[in-house]
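Novice: Sharing a model prediction with you, sequence too.
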Amino acid sequence: MPVIASEVSHSAEKAADDHLYRQIARSIERQVNKDVYTPGERVPSVRRLSAQLKVSVGTVLEAYRLLEDEGVLEVRPQSGYYARLRKARAPAEPEMSRPPRAPTAVSNLEFASHILESIRRPDLVQLGVSAPHTSFLPTRQINRIAGAILRRDDGSVHRYDYPPGLPALRRQIARRMLDAGCDLSPDEIVITGGCREAVTLCLRAVARPGDVIAVESPTYYGTLQAIEALGMKALEIPTHPQEGISLEALEFAIERHDVKACALLLNFSNPVGACMSDQNKQKLVRLLAQHEIPLIEDDIFGDLAYAKARPKVAKAFDRKGLVLSCSSFSKTISPGFRIGWAVPGRFQLRVEHLKYVSTIAAPSLQEMAIAEFLSHGRYERHLRATRMSFQQNAKRMNNAIARHFPEDTRVSRPAGGFLSWIQLSPGVDALELHRLALAAGISVAPGPLFSAKRKYQDFIRLTYAIPWDERVEQALHTLGRLTKSMA
């Protein structure tokens, strides 16, 4: 590859007396360390690299054998040489969170708006955004479908699709919900303007201003903003980076506070990435049913499991209509289309009414385009490729943090989605790091965004739903350098 050729040329200038095969070996090693070749990926063949560098096959073979001896590469018979998973320090995970025990009014709106201004800046390396880069979205297919719909339109695109929304789309969502453990009628689904609107409508349906809403801690700042806008209070519950919200702590909180509803992200939560087991989801639903407490379930990352089997939603265990399950296609098809849905259970009529008085209807063209995209197996093919890319980028992210950040850095290890929750060294202030990172051309999401009390001063959230290149690698190197200087 040209980058290898450049590395070899530079290396030759610095170490003219070194053997050529060692120069080639060190160049390949640098590319592996930078994740140009990730563990398990094939490096250029011996003959190909020989031709690129204009050296003998024997010289390249000698370089590869040296790297094999050093554990950088491994040889696979009749296949070639591959980057090997090297034994490196794996960052530990964060521990169970310890939020305040009392409900609190949320006052994050102005603070969050100031922090999130950076997502509009195209000059930044966007590591703080929770929306996938367009290269991970089926934009060409969706554009073609939307164009074809407009060309054959009989006027349907320009009419309101009153709640609950387009029947064809609701049928496709009902079919997909089978994979999440739910046997639903399309009539049980309400189309919304993205998952954020679905969650907000459900909050309005089950609670009033002043009511206490239990949330994970940390939790998605969008949920906190909705709670704030509705004049409600957030009660933060301890959360484990793998297992999710603590059921024991939640039960304790319910016994001591008048909790009106829970708003939780159970599958690959934002920002932690936790995925609650099906057994614990069942326990959660049973606990809340005993107290007649509605559960608003945000499942926006559920389709992005790295494993073959998609995790179930809590709605799959609901027998009393108290689980209001929400999701959207914003993380998998198009954030800009703003198509989401809610399965509101016993609160459906209330949610439909609130949808109507808020925004009247969902956008018809977007509904039609996504319904058609879902109808021919395109979505499953797209998901398989996307999940693989995110899983590969998760490894790259963890490897880069292990190389560049202080050794005491802790990193979550989600089994789906595309977010990393990172605990920095003691003494490193996430807000100050955010400021310094912006000056260096990098956006990060500081931890205080994800708490009603602005806790998690030593945490940041990073995304790996971006094309992995030298610019990203350099940005992580810079962040690591900044954290070391602040520790």
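Specialist: Yep, it's here. Residues are numbered from 1 along each chain as shown.

Novice: what comes up buried for the longest helix along the chain?
Specialist: Among the elements of the chain assigned as helix by DSSP state H, the one spanning the most residues is helix 378-404. Within helix 378-404, the residues that qualify as buried by neighbour count (16 or more other Cβ atoms under 10 Å) are 378-379, 382-383, 386-387, 389-394, 396-404. Glycine gets a C-beta too; all of them are placed from N, C-alpha and C.

Novice: Remind me what that helix packs against, helices and strands.
Specialist: For helix 378-404, the helices and strands in contact under the criterion 3 or more Cβ pairs under 8 Å, 6 or more residues apart in numbering; DSSP states H and E are strand 410-411, strand 419-423, helix 470-486.

Novice: and the angle from that helix to helix 470-486?
Specialist: The directions of helix 378-404 and helix 470-486 differ by 40 degrees, with axes from the mean of the first three to the mean of the last three Cα atoms, to 10 degrees as the criterion.

Novice: What are the boundaries of the helices in the stretch 51-200 of the chain?
Specialist: In the stretch 51-200 of the chain, the helices defined using DSSP state H, counting those that start in this stretch lie at 57-69, 109-115, 139-151, 167-177, 194-206.

Novice: So which bits of stretch 294-306 are buried?
Specialist: When neighbours are counted by 16+ other Cβ under 10 Å, the buried residues of stretch 294-306 are found to be 294-305.

Novice: And for the residue most central in space within the chain, nearest residue in space, chain neighbours not counted?
Specialist: Here the mean C-alpha position of the chain is nearest to the C-alpha of Phe418 (Cα atoms, centre = their mean), at a distance of 3.1 Å. Take Phe418 and drop its neighbours on the chain: the residue closest to it by Cβ to Cβ, 6 or more residues apart in numbering is Ala465, 3.8 Å away.

Novice: what's the distance between the residue nearest to the centre of the chain and His19?
Specialist: When distances are taken as Cβ to Cβ, to the nearest Å, Phe418 and His19 turn out to be 42 Å apart.

Novice: Pro446 - nearest residue in space that isn't next to it in sequence?
Specialist: With Cβ to Cβ, 6+ apart as the criterion, Pro446 has its nearest non-adjacent residue at 3.8 Å, and that residue is Ala430.

Novice: circling back to that earlier point, neighbours of the residue nearest to Phe418, how many?
Specialist: Other residues near Ala465 come to 22 when the count uses other Cβ atoms under 10 Å.

Novice: before we move on, which element is it in?
Specialist: Counting by DSSP states H and E, Ala465 is held by no secondary-structure element, helix or strand.

Novice: again, but for Arg461
Specialist: Take DSSP H and E as the rule and Arg461 turns out to sit in strand 459-463.

Novice: Show me what that strand packs onto, helices and strands only.
Specialist: Counting by 3+ Cβ pairs under 8 Å, 6+ apart, the elements that strand 459-463 packs against turn out to be strand 419-423, helix 430-439, strand 445-446.

Novice: Try it again at 6 Å.
Specialist: Using 3 or more Cβ pairs under 6 Å, 6 or more residues apart in numbering; DSSP states H and E as the contact test, the elements touching strand 459-463 are strand 419-423.

Novice: Mind listing the strands the strand it packs on pairs with, and their directions?
Specialist: On the basis of DSSP bridges, the sheet neighbours of strand 419-423 come out as strand 410-411 (antiparallel), strand 459-463 (antiparallel).

Novice: Show the contacting residues for Asp299.
Specialist: Contacts here follow Cβ atoms under 6 Å, 6 or more residues apart in numbering; on that basis Asp299 touches 267, 313, 327.

Novice: most packed of the strands paired with strand 419-423?
Specialist: Comparing these on average neighbours per residue, with mean count of other Cβ atoms under 10 Å, the densest one is strand 459-463 at a mean of 26.

Novice: Run the angle between that strand and helix 430-439 for me.
Specialist: Compare the direction of strand 459-463 with that of helix 430-439 by the same axes, to 10 degrees and you get 40 degrees.

Novice: State the mean pLDDT of strand 459-463.
Specialist: With pLDDT averaged residue by residue, strand 459-463 scores 97.

Novice: same question, stretch 111-127
Specialist: Averaging pLDDT residue by residue across stretch 111-127 gives 82.

Novice: can I get the CA coordinates of it in PDB?
Specialist: Extracted C-alpha coordinates of stretch 111-127, given in PDB (Å, rounded to 0.1, in the frame of the first residue of the first chain):
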ATOM      1  CA  PHE A 111     -26.000  23.600  29.800                       C
ATOM      2  CA  ALA A 112     -26.700  20.800  27.300                       C
ATOM      3  CA  SER A 113     -27.500  23.300  24.500                       C
ATOM      4  CA  HIS A 114     -24.100  25.000  25.000                       C
ATOM      5  CA  ILE A 115     -22.200  21.700  25.100                       C
ATOM      6  CA  LEU A 116     -24.000  20.300  22.000                       C
ATOM      7  CA  GLU A 117     -23.300  23.300  19.800                       C
ATOM      8  CA  SER A 118     -20.200  21.500  18.700                       C
ATOM      9  CA  ILE A 119     -22.200  18.800  16.800                       C
ATOM     10  CA  ARG A 120     -23.000  21.400  14.100                       C
ATOM     11  CA  ARG A 121     -19.300  22.000  13.300                       C
ATOM     12  CA  PRO A 122     -18.100  20.100  10.300                       C
ATOM     13  CA  ASP A 123     -14.500  21.000  11.000                       C
ATOM     14  CA  LEU A 124     -14.400  18.800  14.100                       C
ATOM     15  CA  VAL A 125     -13.600  15.100  14.500                       C
ATOM     16  CA  GLN A 126     -17.100  14.200  15.800                       C
ATOM     17  CA  LEU A 127     -16.400  11.800  18.600                       C
END
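
Novice: quick check, distance from it to the centre of its chain.
Specialist: Between the centre of stretch 111-127 and the centre of its chain there are 17 Å (Cα atoms, centre = their mean, to the nearest Å).

Novice: For it, buried residues please.
Specialist: Buried residues in stretch 111-127, counting neighbours by 16+ other Cβ under 10 Å, are found at 112, 115, 118, 124-127.

Novice: what residues does that stretch touch?
Specialist: Residues external to stretch 111-127 that are found in contact with it (Cβ under 6 Å, 6+ apart): 129, 221, 438, 441-444, 449, 462-463, 471, 475.

Novice: okay, the angle between the longest helix of the chain and helix 139-151?
Specialist: For helix 378-404 against helix 139-151, the angle between stretch directions is 150 degrees (the same axes, to 10 degrees).

Novice: Show me how far helix 378-404 is from its chain's centre.
Specialist: Between the centre of helix 378-404 and the centre of its chain there are 10 Å (Cα atoms, centre = their mean).

Novice: Now do it against helix 167-177, angle only.
Specialist: With the same axes, to 10 degrees defining the directions, helix 378-404 sits at 50 degrees from helix 167-177.

Novice: pLDDT of helix 378-404, averaged?
Specialist: Model confidence over helix 378-404 averages 93 on the pLDDT scale.

Novice: got it, and stretch 272-280?
Specialist: For stretch 272-280, the per-residue pLDDT averages 97.

Novice: Same question for it: list its buried residues.
Specialist: Buried residues in stretch 272-280, counted by 16+ other Cβ under 10 Å: 272-276, 278, 280.

Novice: neighbouring contacts of it?
Specialist: With contacts defined as Cβ under 6 Å, 6+ apart, stretch 272-280 is touched by 241-242, 244, 266-268, 311-312, 412, 414-415, 417, 419, 421.
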